[in-house]
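K.L.:
sharing a model that was predicted from the sequence below.
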Amino acid sequence: MNGKEETYSIGQVAKVVGVPKYKLRHWCDRHLNHIKRIRVGDNQSHRRFTEQDVELIRHIKEYRQKGFTLEAAIERARKDLMEEEI
């Protein structure tokens, strides 16, 4: 094992979680700026999502489906994940 954490592309996350790529980009740009970016050219970068990021997005989606605002959904999802780690 090489110790590197597996990461996922935005397309992979969109497919697995069921949230369109354009929505994920919006969430990342506005609220999830911890999502890692890797440079792929002079002016380009790609987002790379960890398993924890994917789980956070799953929780956000669930709260959004329950009618929470995006901000409230993110706050609750982060709280949920922190409680799961304890």
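P.N.:
That came in fine, so what should we check first?
K.L.:
what's around His26, how many residues?
P.N.:
Neighbour count for His26, taken as other Cβ atoms under 10 Å: 13. The way it works is simple: take the backbone N, C-alpha and C, and place the C-beta from them, glycine included.
K.L.:
quick one, what contacts it?
P.N.:
His26 makes contact with no residue, according to Cβ atoms under 8 Å, 6 or more residues apart in numbering.
K.L.:
now it, what are its backbone angles?
P.N.:
Torsion angles at His26 (phi, psi; degrees, to the nearest 10) stand at phi -60, psi -50.
K.L.:
could you point out which element follows the lowest-mean-pLDDT helix or strand in the chain?
P.N.:
Sorted by mean pLDDT, DSSP states H and E, the helices and strands of the chain end with strand 36-39, the least confident at a mean of 89. Later in the chain than strand 36-39, the nearest helix or strand by DSSP states H and E is strand 45-48.
K.L.:
strand partners of that following strand, parallel vs antiparallel please.
P.N.:
The pairing partners recorded for strand 45-48 under DSSP bridges are strand 36-39 (antiparallel).
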